[in-house]
Every structure is written in C-alpha cells, then in structure tokens.
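Trainee: what follows is a predicted structure for the sequence shown.
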Amino acid sequence: MKAQTLIRDMETDIQNLEKDGITEIKLKNFKAYLEEIKEIAKEQEEKDVLQTQRDLAFYAAKETSKIEYYKARAKRNSDGFHAVITIGQGALKSGALINGGACVALLAFIGNIITKDTSMTSDLSTALLIFGGGLLFAAMSSGTTYLAQVNYETKKIKKAFIFHYLTISFVTLSYLSFLLGGLQSWQTIHEWEPQKSVERVSSIQLNLINNN
C-alpha cells in the first residue's frame, strides 16, 4: 500500500473516532493500530513485489520473443541475400564463359578454314567481334558488382543501386552478345556455298598450272 493511501486511511479513522466522541487515544491502542497498519503495508508491499516480478517476467518474455523474431527475419534476409549473390556470381561467370568459349572456338575455326576458303572470314570476324564484346561486358559487370558491394557497405545506397543496375545491364548485354554472335555465325555457315569455294580453288589451281 502506498504511503499516501495509508495516510488517508489514518485520517479517515481519526475522523471517525472524533465523530464517535473519542478525543484521546491510548498509547497501547495506538501502537496496536500502527502494527495493524504495518501488517497491511507489508502484505501490500509483497503483493507489489510479486506483481512487479510478474510484469518484468512478462516484459522479458515479450521482448525475447521480439528479439527471436527479428533474429529469424534477419537470418532469412541474410540467407536470401547470399543466395542472390551466389546466383549473380553464377550469371557473371556464365556470361564470361560462354562468350570466351565462343571466341576460342571461332578463332580455331577461322584459323582452320582461312587456308581453304576466305569467303566466310569477314562475316565470322564480325561474329568474333560480337563475342569479344560480350566477354568485355561480362568483365565490366564484375567491376560494377564490386563497386555496388562497396557502396552498400559504406551505406551509399543511391550509388549502390546505380552500380547494381549497371551490373544487371552488362550481364544482359553479355548474353545478348552471345545470342547475336551465335546468330551471325549460324547465318554465315548456313549461307556458305561449298560448291563456289571448290570452284574457286579449282580455278586457282588451273591458273597456277597454266602459268607453269
């Protein structure tokens, strides 16, 4: 029980005694009255302590639940972020791999055919240039990925978003370059006419024989 409440109760009791015509209180009776007040105050204090403990326990449980919820949420976000990074790294590597592999294969093909037929080299060189551009875009996307990560770490969100979208654009251009280069190569090979090449080689051989 609070001190003010006790004081009010004591004042009320005194006023009631005055109404009953009692103007003096024996010391023994007053001490007994004080002991009774002390017992009431002690019981109320114990109740207040228990209520405080219950309130603290409830608050602690509530806050612990919130903390665990935010921990789980942060873990899900972290796992999702790492998954996005892993997928993005795979996309970057794929762009570099397919365009680099196409460049090597096309160079080997051009080196093999250039001694036999030069009619395809011009168009195949264009396809090679496109594959090289795709490889360059893949390399640039690696750089913008690094810059995006640095800006995310330094809380420069606007710059991080710019480099993030640049990375996506470069990766997309890398795949488009592979597609265009593949179409160019397919069209060149599809439109190649071996008969004309054979006739051209035969004419060259005849000219050499006639000159001799």
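Mentor: Yes, it's here.
Trainee: report the longest helix in the protein, please.
Mentor: helix 27-113 (DSSP state H).
Trainee: so what angle separates the directions of the following helix or strand past that one and helix 27-113?
Mentor: Following helix 27-113 in sequence order, the next helix or strand is helix 121-153 (DSSP states H and E). Helix 121-153 runs at 170 degrees relative to helix 27-113, counting by axes from the mean of the first three to the mean of the last three C-alpha atoms, to 10 degrees.
Trainee: who's in contact with the closest residue in space to Y152 that isn't next to it in sequence?
Mentor: In space, and not counting its chain neighbours, Y152 is closest to A160: 4.5 Å by C-beta to C-beta, 6 or more residues apart in numbering. No exception for glycine: its C-beta is placed from N, CA and C like everyone else's. Applying C-beta atoms under 8 Å, 6 or more residues apart in numbering to A160 gives the contacts A148, Q149, N151, Y152.
Trainee: how many residues are close by the first one?
Mentor: Using other C-beta atoms under 10 Å as the criterion, A148 is surrounded by 22 other residues.
Trainee: that one and K159: what is the separation?
Mentor: 8 Å (C-beta to C-beta, to the nearest Å).
Trainee: anything in contact with each of the two?
Mentor: Common neighbours of A148 and K159 (criterion: C-beta under 8 Å, 6+ apart): none identified.
Trainee: re the thing from before, tell me the buried residues in the helix or strand hosting the residue nearest to Y152?
Mentor: Applying DSSP H and E as the criterion places A160 in helix 157-190. Across helix 157-190, burial judged by 16 or more other C-beta atoms under 10 Å covers 160, 163-164, 166-168, 170-171, 173-175, 177-178, 180-181, 184-185, 188.
Trainee: thank you kindly, that will do.
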